[in-house]
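K.L.:
mind looking at a prediction? Sequence and model below.
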Amino acid sequence: LNIATGCFSNSAQVTVTIHPNIPVSIIIPSSSSTTFCEGTTSITLTASPQIGYTYVWSNGLTSPTINLSLANQSASYTVTVTNSVTNCSATSTPMPITVYPNPSAPTISPIGPLTSCAGNPLLTLTASPNNFPTYQWKNGIVNVGSNSPSHNPASTGAYSVIATNSNGCSSLPSNSTFITINPTPATPVIIPQTGSPLTFCQGGSINLSATINSGSTYQWLRNGIPYISGNPVNITLSGTYTLIETNSVGCSSQTSSPIPIIVYPNPTPVITALSTTEFCADPGASVTLQATPGSNLYQWTCVSPTLPTQPASSSPNFIATQSGTYTVTTTTSNSCISAVSNSIPVVVNPLPLASITNGSATTFCADPGAFVTLTAGPSGNIYQWSTSGPALANPFLASQNITQTGMYSVLVTNPITNCENTASLPVTVN
């Protein structure tokens, strides 16, 4: 309709064609995962539909399929599909692909070759870096330890380690370190000398031994401290004894079970006199000799002059009544006998042989000037007279003129020993 003229005209026919949307998608194999470790597998992305189309992937590739396997290929992938006839295009839903990088191969310290002994806890291999969740140690191709950045080798071989990170991705094996593990001797068993007790007195001994292996050396310990080398050894001291065997390649055994040895000390008696050791031979006179320290039995002996050995006694005291040099040996409750003690000389001085000699008859008449002379003996002593009658004018003279009836006694004293004796004589004056 023309507005100005009011006239109608016929329109031309236009044909419009609307093409359907392209059902674009990315297809992956059913066995594939979109998350994996680099180098362990790969994934193929396939654009759909396939025939009569061109493709542009988000990484710029234009093939209908792409293969991904590297860590730097992690991304969210899309594909744009264009109909070659209609030139219509569609872009797929993004598909995220994650390829985790593998850890670098760890290093091992110390670097071999190394030599150690079986069971030696001091040889430890350590992987670096040491902060991965798990580690797999290998001796050659055999797995020997896991989950720890360190490992204690148990046998000879070439050791390597593989580290696995938190994504479960494993490194290549480290360079190998060759370890030689030498055998360790079996724990020795101490063999006491046949028939010998493990307890004995000072001065005794016992031989300890173990099975002898060619090329081995033997270190004995007393109370845990190195004491003596050899096999067998002669033991004379108390202690707890153990043994370590070292073989020809320098590997040492575990310490043996202990053997306790008890050496009882021999007593050392000392004699002490409880009073003077020089005295006069008065009736009942003696000196008590005492042995210390206390013991079980005491054997007293007079060695000069030789007197009969006294029977063993449980008393530490001995009563000496005779001159001589005395010693003692003691026996403990463990039957250990002492050496001879110090010697104690005892001197028992004899009493002087007091006597009175009368110069004439001791019975006489009271004539004017009559007397009897009494003389004390032996000579060379000190004298003191006493009487039952009138006192003497000078009682210290050796000779006395007696004129009166009485019992006359003289005390004779040896001036050197001060030992005393008495003699008496009656005088009768009619």
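P.N.:
Looks like it arrived, so ask away.
K.L.:
now stretch 173-183: buried residues?
P.N.:
173, 174, 176, 177, 179, 181 (16 or more other CB atoms under 10 Å). The C-beta positions use only the backbone N, C-alpha and C, and glycine is treated the same way.
K.L.:
CA-only coordinates of it, as PDB, when you get a sec.
P.N.:
Listed next in PDB are the C-alpha coordinates belonging to stretch 173-183 (Å, rounded to 0.1, in the frame of the first residue of the first chain):
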ATOM      1  CA  PRO A 173      64.200 -44.100  40.600                       C
ATOM      2  CA  SER A 174      67.200 -42.300  42.200                       C
ATOM      3  CA  ASN A 175      70.700 -43.100  41.300                       C
ATOM      4  CA  SER A 176      71.600 -46.400  43.100                       C
ATOM      5  CA  THR A 177      74.000 -46.700  46.000                       C
ATOM      6  CA  PHE A 178      75.800 -50.000  46.400                       C
ATOM      7  CA  ILE A 179      75.900 -51.400  49.900                       C
ATOM      8  CA  THR A 180      77.900 -54.400  51.100                       C
ATOM      9  CA  ILE A 181      76.400 -55.900  54.200                       C
ATOM     10  CA  ASN A 182      78.900 -58.200  55.900                       C
ATOM     11  CA  PRO A 183      77.600 -61.000  58.300                       C
END
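K.L.:
now do that stretch: distance to the chain's middle.
P.N.:
Relative to the centre of its chain, stretch 173-183 is centred 34 Å away, using CA atoms, centre = their mean, to the nearest Å.
K.L.:
list the contacts of that stretch.
P.N.:
Applying CB atoms under 8 Å, 6 or more residues apart in numbering, the contact partners of stretch 173-183 are 105-108, 110-118, 123, 125, 127, 138, 153-162, 247, 249-251.
K.L.:
try stretch 53-66
P.N.:
Identification of contacts with stretch 53-66 by CB under 8 Å, 6+ apart yields 22, 44-47, 50, 73, 75-84, 94.
K.L.:
ok, back up a step: now the buried members of the contacts of stretch 173-183.
P.N.:
Among these, the ones that count as buried by 16+ other CB under 10 Å are 105-106, 108, 112, 116-117, 123, 125, 127, 138, 153, 157, 159-162, 247, 251.
K.L.:
show me the residues you listed that map onto strands.
P.N.:
108, 116, 117, 125, 127, 138, 157, 159, 160, 161, 162 (DSSP state E).
K.L.:
could you work out the most separated pair of the residues you listed?
P.N.:
Spanning the widest gap among those are 117 and 162, at 26.8 Å by CB to CB.
K.L.:
quick check: nearest residue in space to residue 307, chain neighbours excluded?
P.N.:
In space, residue 307 comes closest to residue 324 once its chain neighbours are excluded; the distance is 5.9 Å by CB to CB, 6 or more residues apart in numbering.
K.L.:
any idea how far residue 221 is from residue 13?
P.N.:
For residue 221, the distance to residue 13 equals 118 Å [CB to CB, to the nearest Å].
K.L.:
got a list of what residue 312 touches?
P.N.:
The contact partners of residue 312, by CB under 8 Å, 6+ apart, come to 297, 298, 299, 331.
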